[in-house]
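Peer 1: Sequence plus predicted model, see below.
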There are 2 protein chains.
Amino acid sequence: MNEIQSKLLNDAVDEMSRLPGIGRKTALRLVLYLLRLPNNEVQRFGNAFINMRENICYCKHCNNISDSEVCGICNNPRRDKSLICVVESIRDVMSIENTQQYNGLYHVLGGIISPMEGIAPSDLKIDLLLDRVATSDIDEVVLALSTTMEGETTCFYLYKKLARYPVAVTIIARGVGFGDELEYTDELTLGRSIKNRQPFTAR
Amino acid sequence: MNEIQSKLLNDAVDEMSRLPGIGRKTALRLVLYLLRLPNNEVQRFGNAFINMRENICYCKHCNNISDSEVCGICNNPRRDKSLICVVESIRDVMSIENTQQYNGLYHVLGGIISPMEGIAPSDLKIDLLLDRVATSDIDEVVLALSTTMEGETTCFYLYKKLARYPVAVTIIARGVGFGDELEYTDELTLGRSIKNRQPFTAR
């Protein structure tokens, strides 16, 4: 993999292999594929990323990705404006949207508190969240963060901060996943799902 | 995977998922990675492919990829100019270069004869090869094509065409690969490697 004769090709392979999970061998394969495309299609390819990076906005309310000042979810009159779901990243927004089970607004923190990676509360959009809770008519804040140590820490931090506002703070249900076998579920999850058992309803 | 709020992001994901082997889910992951990079790095990323596609040349002698009219291999005074290795694509040039076992020139056909895919001899750089053989001082043409039906057909076609020139036509050795177990080698390969047995030399 060290013999690429052309500097232009070599540069393209270097750039492609910057992408996570793309090694130099795969990068070369992808770049040679691009090389066989018509000129205008490669231009469209390259410019799509440049345009996106240059022109994308973040919603001034919820910090979600957006093509304008306010995102499509915050702007949608049919969404429940009294409910905010706090997530780590825009990918989580997409994941929850795909479930079609949630009709409130979001708040994208842009990360979670992680002393190991040097991410402090001030690096996240927490003040923006508290502002929203203080100034708009919010009834409930749903915490939907990962169930990792960092996620739990961030939940606890947010819970403390939100305590002084008249909002209900809830957290997404944690327990045995659909299709999981009890035998192979870890003790912590199983223990918690027994402790947090709920009334059975035949739906 | 259907809920991407931003058109800019969506376009970028569409373009990324054009690449072979990159589905929409992976494309989204890669694009979100790009979104976190500084503006100038994303510009460099996108422009690397545009520049490459726009400015890359093919060597006028051997059709190898090049940054100028004549490629680095054809231009290298230390390469043996009496030897041409015929390959299907520039990837094969790289593969053979990586072995560091070959010091001649190349000739990139740009494909192999394939009636199934509608690739005729006239679609390949065969005339260019015959020109080279006719006009320069070539002693030997090594055929290094895949051992598929199409590869064999192309070899045979080239062999017939080259017959009228005073050059030796050779073909790369085919046989049991290094590390292969005889038990699991297919009959055709094993049969041919017994038939084409060579004097044993202790090297």
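Peer 2: Nice, I can see it.
Peer 1: Name all residues that make contact with the residue lying closest to A:Ser89 once chain neighbours are set aside.
Peer 2: Nearest residue to A:Ser89 in three dimensions, chain neighbours excluded: A:Val108, at 6.4 Å (Cβ to Cβ, 6 or more residues apart in numbering or on different chains). For glycine as for every other residue, the C-beta is placed from the backbone atoms N, C-alpha and C. Applying Cβ atoms under 8 Å, 6 or more residues apart in numbering or on different chains, we find A:Val108 in contact with A:58, A:62-64, A:87-90, A:92-93, A:125.
Peer 1: same thing but 10 Å
Peer 2: A:58-59, A:62-65, A:71, A:85-93, A:124-125, A:128-129 (Cβ atoms under 10 Å, 6 or more residues apart in numbering or on different chains).
Peer 1: among these, which ones are buried?
Peer 2: When the contacts of A:Val108 are checked for burial by 16 or more other Cβ atoms under 10 Å in any protein chain shown, the buried set is A:58-59, A:62-65, A:71, A:85-90, A:92-93, A:124-125, A:128-129.
Peer 1: which ones among these are found in helices?
Peer 2: Cross-referencing the buried ones among the contacts of A:Val108 against helices under DSSP state H gives A:90, A:92-93, A:128-129.
Peer 1: how about the strands in chain A?
Peer 2: A:57-58, A:65-66, A:80-87, A:104-108, A:140-143, A:168-171 (DSSP state E).
Peer 1: Output the longest helix seen in chain A as CSV - backbone C-alpha positions only.
Peer 2: Looking across chain A with DSSP H, the single longest helix is helix A:39-55. What follows is helix A:39-55, C-alpha atoms only, in CSV (Å, rounded to 0.1, in the frame of the first residue of the first chain):
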residue,chain,number,x,y,z
ASN,A,39,-16.3,15.0,-13.6
ASN,A,40,-19.6,16.7,-12.6
GLU,A,41,-20.6,13.9,-10.3
VAL,A,42,-17.3,14.0,-8.4
GLN,A,43,-17.8,17.8,-8.1
ARG,A,44,-21.2,17.2,-6.6
PHE,A,45,-19.8,14.6,-4.3
GLY,A,46,-17.0,16.8,-3.0
ASN,A,47,-19.1,20.0,-2.7
ALA,A,48,-21.9,18.2,-0.8
PHE,A,49,-19.6,18.0,2.3
ILE,A,50,-18.1,21.5,1.8
ASN,A,51,-21.6,23.0,1.5
MET,A,52,-23.0,21.1,4.4
ARG,A,53,-20.1,22.1,6.7
GLU,A,54,-20.2,25.8,5.6
ASN,A,55,-23.9,26.4,5.6
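Peer 1: pLDDT of that helix, averaged?
Peer 2: Averaged across helix A:39-55, the pLDDT comes to 95.
Peer 1: Show me the domain layout of chain A.
Peer 2: With domains defined by automatic domain parsing, chain A comprises A:7-55, A:58-172.
Peer 1: Please report phi then psi for the residue positioned nearest the centre of chain A.
Peer 2: In chain A, the residue lying closest to the centroid (Cα atoms, centre = their mean) is A:Ser89, at 2.3 Å. When read as degrees, to the nearest 10, the backbone of A:Ser89 gives phi -140, psi 170.
Peer 1: List the residues that contact it.
Peer 2: With contact taken as Cβ under 10 Å, 6+ apart, A:Ser89 is in contact with A:63-65, A:95, A:108-112, B:32, B:36.
Peer 1: want to throw the residues you listed into CSV with pLDDT and distance to A:Pro77?
Peer 2: Converted to CSV, the contacts of A:Ser89 look like this (pLDDT from 0 to 100; distance: Cβ to Cβ, whole Å):
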residue, pLDDT, distance to A:Pro77
A:Asn63, 93, 21
A:Asn64, 92, 17
A:Ile65, 90, 20
A:Ser95, 88, 24
A:Val108, 95, 21
A:Leu109, 95, 25
A:Gly110, 92, 26
A:Gly111, 91, 30
A:Ile112, 92, 31
B:Leu32, 91, 28
B:Arg36, 88, 32
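Peer 1: okay, those in a markdown table with distance to B:Glu15 next?
Peer 2: Shown next, in a markdown table, are the contacts of A:Ser89 (distance: Cβ to Cβ, whole Å):
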| residue | distance to B:Glu15 |
| --- | --- |
| A:Asn63 | 25 |
| A:Asn64 | 22 |
| A:Ile65 | 17 |
| A:Ser95 | 22 |
| A:Val108 | 24 |
| A:Leu109 | 28 |
| A:Gly110 | 25 |
| A:Gly111 | 27 |
| A:Ile112 | 30 |
| B:Leu32 | 14 |
| B:Arg36 | 18 |
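Peer 1: Within reach of chain B, which of the ones in helices among the buried ones among the contacts of A:Val108 are there?
Peer 2: Among those, the ones lying near chain B by Cβ under 10 Å from any Cβ of the partner chain are A:90, A:93.
Peer 1: And the ones in helices among the buried ones among the contacts of A:Val108, which two are furthest apart?
Peer 2: Using Cβ to Cβ, those span at most 16.6 Å, a distance reached by A:Asp92 and A:Leu128.
Peer 1: Need the strands of chain A in JSON lines (columns: distance to A:Asn47).
Peer 2: Shown next, in JSON lines, are the strands of chain A (distance: least, Cβ to Cβ, whole Å):
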{"stretch": "strand A:57-58", "distance to A:Asn47": "18"}
{"stretch": "strand A:65-66", "distance to A:Asn47": "19"}
{"stretch": "strand A:80-87", "distance to A:Asn47": "30"}
{"stretch": "strand A:104-108", "distance to A:Asn47": "26"}
{"stretch": "strand A:140-143", "distance to A:Asn47": "38"}
{"stretch": "strand A:168-171", "distance to A:Asn47": "42"}
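Peer 1: so which of those comes closest to B:Lys160?
Peer 2: strand A:65-66 (60.3 Å).
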